[in-house]
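Engineer: Could you work out the structure for the sequence below:
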Amino acid sequence: MNLISAVRDFSMFNKCVRNNQNCTGVRFHVFDNREENKPIPVCYNSFLEQYDYSNDSWFVFCHEDFELREKLSELVNNFDKRFLHGVVGGCRKGLCGFGMQVIYGNMIEVNRDGSGVAWYPGRFVSRPLVVEAFDCCCLIVHSSLVKKYNLRFDENLYFDFYVEDFCAMAKVKYRILSYVHPVKCCHHSGSKATERFYRHLPYLEKKYPKNCFVGTLTYFGTPTWQKRLQDKMMRLLHLRN
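Structural biologist: Next up, the predicted model:
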């Protein structure tokens, strides 16, 4: 199993990932991003381009502040290699998929400095559940799926939406589904959407002119009325704070 991260804060990475007992037996691929601060999709694609696909393996792409609280090796035992897997994601709940955004996943969010009260951004799940797109904090995909479809991250999405787009692209082009699993984990982020996040939306509207998706923060793709309303609500909630 291979775990891939672009790291700027090594104290956080060592605490949450490298020295995490739940990540034992994992081969780490760490991109030191302290000086160049390369776009994360560039780092991830670099790994995918150089990997020897004669060796079957699970790829775990995760943030430096993502902490697993159960054994990674045991988690993936029952994962289906034909699909994408994650810990928190968004989908629409309502008639024929035209409902409002709902987030699913058992992940806990905490502030990066440990202050404040921990919270659950998603609704509890007891079994794998199909969602439209994961949060960027964690994506798990098998090497055989990457090899079969030559899957890559969009390098135009520097630090936001690159996992959401990965899920959308896989579904639109290859009908690959994305499953959220009941995983005990914690994201030491507490981060909120920034203006940089929303600058990607016009690009994604052009990329998906016939599709609309929902992630953990907003809709993206074709501008439906749900997406327009969600964008306005999220800007008010996040950008004013």
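Engineer: The helix or strand harbouring residue 90 pairs with which strands?
Structural biologist: When elements are assigned from DSSP states H and E, residue 90 belongs to strand 89-93. Strand 89-93 sits in its sheet next to strand 100-104 (antiparallel), strand 133-134 (antiparallel), going by DSSP bridges.
Engineer: tell me which residues of the first one are tucked away?
Structural biologist: This means strand 100-104. Buried positions in strand 100-104, judged by neighbour count with 16 or more other Cβ atoms under 10 Å: 101, 103-104. For the C-beta atoms, the positions are set from N, CA and C on the backbone; glycine is no exception.
Engineer: what's the closest of those to residue 52?
Structural biologist: Of all those, residue 52 sits closest to residue 104, with 34.7 Å by Cβ to Cβ.
Engineer: shouldn't the closest one be in contact with residue 126?
Structural biologist: No - with contacts counted by Cβ atoms under 8 Å, residue 104 stays clear of residue 126, the gap being 10.6 Å.
Engineer: I'd like the mean pLDDT over the strand holding residue 90, please.
Structural biologist: If you average the pLDDT over strand 89-93, you get 88.
Engineer: ditto for stretch 215-234
Structural biologist: Averaged over stretch 215-234, pLDDT sits at 67.
Engineer: Can you say which of the strands paired with strand 89-93 is nearest to residue 71?
Structural biologist: Proximity to residue 71 (Cβ to Cβ) singles out strand 133-134 among those, at 20.4 Å.
Engineer: Not counting sequence-adjacent ones, nearest residue to residue 156?
Structural biologist: residue 203 (6.2 Å; Cβ to Cβ, 6 or more residues apart in numbering).
Engineer: what about the one you found, neighbour count?
Structural biologist: Residue crowding around residue 203 was assessed by other Cβ atoms under 10 Å; the count is 15.
Engineer: Export the host helix or strand of it to CSV, keeping only CA atoms.
Structural biologist: Counting by DSSP H and E, the element that carries residue 203 is helix 201-207. Provided in CSV are the C-alpha atoms of helix 201-207 (Å, rounded to 0.1, in the frame of the first residue of the first chain):
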residue,chain,number,x,y,z
LEU,A,201,-16.0,27.3,-10.4
PRO,A,202,-16.1,28.9,-13.9
TYR,A,203,-13.5,26.5,-15.1
LEU,A,204,-15.5,23.5,-13.8
GLU,A,205,-18.6,24.9,-15.4
LYS,A,206,-16.9,24.8,-18.8
LYS,A,207,-15.4,21.4,-18.1
